[in-house]
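Novice: Got a predicted structure here, sequence first:
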Amino acid sequence: MTNETTPIKDHFGRVLKDLRISVIDKCNFRCTYCMPKEIFGEDYVFLSEKELLSFEEIIRLASVFAKLGVEKIRITGGEPLMRRDLEELIAELNAIPGIKDIALTTNAVMLPKKAKKLKEAGLKRVNISLDAIEDEVFKEINGKGVVARPVLKGIEAAKEAGLGIKINMVVKKGMNESQVLPMARYFKGKDIILRFIEFMDVGNHNGWDFKNVISKKDIITMINHEMPIEPAEENYYGEVASRYRYKDGGGEIGVISSVTDSFCGTCTRIRLSADGKLYTCLFASDGFDIRKKMRDNQLSDVELEEELTHLWGRRKDRYSEERSEEKHQNRRKIEMSYIGG
Ligand code: SAM
Ligand code: SF4
Ligand code: SF4
């Protein structure tokens, strides 16, 4: 393969830039809005070792994607730090020509053990999920009775290792809107960006209802009332978070408003599930089984490139703009823990 890249465009002219790789479907949490323990219980069957894409297969796919214009890779899960030897995968991804940025989304509990190794392997940034700062609320949300302290320790470890850090907080009515201000107060002035995420209708098990969405507008109003903020400019094309800075210089926050203010027009992401299916939208029903193609058909790199080019070329996804349309009602969707957000 040469190092030349050929950026590819979908049906609406959106280029492919980001690849999200879910490396495992297991998790050490049971967040109520993602892997509720009533569904993901003791007898839930997770993917076997053989079903998971191997590091070799992931690297091969990522290399072809890099040729097609992908520059950024995000590693996710499940809980990605539960995948053995993850740092080895990161080091190999980091060596692919054209890959400029590798990031990881994690609940951070295993970061104290892993942060340094990951940084050395070439990881640049972590997005750490934390939905509450008060223990009683957080314990309830993560379904495992884990208090905030282990996550805060993970954040410290990431900082010490020199990783860039953003904190992601999903806000859901009745679950943690009480935590919006305490979280903002906690992270203000700490040089860490806190991003609020509207509760989304991903998957089939989280009982999503629009009335449980706390909107971007509500969040901004709440914060601005106590800690005045003003809009900040977009950092780069396709940035999903609307950015706001504290007027007193205390840093910035972001809001990801997939529900009330969608951003499909600039969506440049493709997602690879832990068992090798490609999804061109977070809200898709079906994926494209690239693992099967690779394992059964022994595709050459050129054939693989053609498959991926066609897949992206026929992409017409714009779910967040069409959410309320008839065709999407009662449609099965892929689970968040499987595709990784
Ligand atoms: N386990 C890792 C973590 O929690 O960071 C990575 C995987 S998790 C599926 C990725 C992100 O998706 C997390 O920040 C999580 O809060 C978010 N998420 C899961 N379900 C969601 C939902 N229904 N709406 C909005 N965000 C969701
Ligand atoms: Fe696990 Fe992340 Fe889902 Fe929580 S949000 S259950 S930590 S995968
Ligand atoms: Fe991209 Fe689908 Fe989300 Fe729209 S709904 S921004 S197409 S992932």
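Specialist: Nice, thanks for sending it over. Ligands and ions are numbered 1, 2, ... in the order given.

Novice: Is ligand 1 within reach of stretch 17-31?
Specialist: Yes: residues of stretch 17-31 contacting ligand 1 under C-beta under 6 Å from any ligand atom: C27. Using the backbone N, CA and C atoms, a C-beta is placed for each residue, glycine as well.

Novice: Export that stretch to CSV, keeping only CA atoms.
Specialist: Taking Å, rounded to 0.1, in the frame of the first residue of the first chain, the C-alpha atoms of stretch 17-31 are listed here in CSV:
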residue,chain,number,x,y,z
LYS,A,17,-12.5,11.6,8.7
ASP,A,18,-13.1,9.8,12.0
LEU,A,19,-13.1,6.1,12.9
ARG,A,20,-14.5,4.9,16.2
ILE,A,21,-13.4,1.5,17.2
SER,A,22,-15.2,-0.5,19.9
VAL,A,23,-12.7,-3.0,21.2
ILE,A,24,-14.9,-4.9,23.6
ASP,A,25,-18.6,-5.2,24.5
LYS,A,26,-18.1,-5.9,28.2
CYS,A,27,-18.1,-3.3,30.9
ASN,A,28,-17.4,-3.0,34.6
PHE,A,29,-20.3,-0.6,35.0
ARG,A,30,-24.0,-1.1,34.4
CYS,A,31,-25.1,2.5,33.7
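
Novice: avg pLDDT for it?
Specialist: What stretch 17-31 shows for mean pLDDT is 97.

Novice: for the stretch 151-300 of the chain, what spans make up the strands?
Specialist: Ranges of strands in the stretch 151-300 of the chain, per DSSP state E, counting those that start in this stretch, are 164-171, 193-198, 229-231, 241-246, 252-256, 269-272, 277-279, 288-289.

Novice: Out of those, which is the most enclosed?
Specialist: Ranked by mean neighbour count, these are led by strand 269-272 with a mean of 24 (mean count of other C-beta atoms under 10 Å).

Novice: low pLDDT regions in the stretch 151-300 of the chain?
Specialist: Scanning the stretch 151-300 of the chain for pLDDT under 70 picks out the ranges 237-238.

Novice: which residues does the residue in it that ligand 2 sits nearest to contact?
Specialist: When scored by C-beta to the nearest ligand atom, the stretch 151-300 of the chain has V170 as its residue closest to ligand 2, at 7.7 Å. With contact set as C-beta atoms under 8 Å, 6 or more residues apart in numbering, V170 has these partners: 33, 129, 131, 176, 197-199.

Novice: Could you export the strands of the stretch 151-300 of the chain as TSV, including distance to D43?
Specialist: Listed next are these as TSV, based on distance: least, C-beta to C-beta, whole Å:
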stretch	distance to D43
strand 164-171	27
strand 193-198	30
strand 229-231	46
strand 241-246	38
strand 252-256	34
strand 269-272	27
strand 277-279	24
strand 288-289	26
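
Novice: between the ones you listed, which one is nearest to G340?
Specialist: Closest to G340 of the strands of the stretch 151-300 of the chain, according to C-beta to C-beta: strand 269-272, at 6.8 Å.

Novice: can you list the residues of the stretch 151-300 of the chain near ligand 1?
Specialist: 168, 170, 197, 199-200, 202, 206.

Novice: at 5 Å instead, please
Specialist: 168, 170, 197, 199-200, 202 (C-beta under 5 Å from any ligand atom).

Novice: Need the phi and psi values for the closest residue to E160 other than its chain neighbours.
Specialist: Distances taken as C-beta to C-beta, 6 or more residues apart in numbering put A115 closest to E160, at 7.1 Å, once the chain neighbours are dropped. For A115, the backbone dihedrals are phi -60, psi -50 (criterion: degrees, to the nearest 10).

Novice: can you tell me which residues contact A115?
Specialist: Contacts of A115 by C-beta under 8 Å, 6+ apart are 126, 154, 157-158, 160-161, 163.

Novice: hmm, 10 Å instead?
Specialist: Residues counted as contacts of A115 (C-beta atoms under 10 Å, 6 or more residues apart in numbering) are 81, 104, 106, 108, 123, 126, 154-163.

Novice: Would you write a ChimeraX line that selects the buried entries of the residues you listed?
Specialist: The buried residues among the contacts of A115 can be selected in ChimeraX (16 or more other C-beta atoms under 10 Å) with this line:
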select :81,104,106,108,123,126,154,155,157,158,159,161,163
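
Novice: Sticking with V70, tell me its helix or strand.
Specialist: Assignment of secondary structure by DSSP states H and E places V70 within no helix or strand.

Novice: That's all I had, so thanks and see you.
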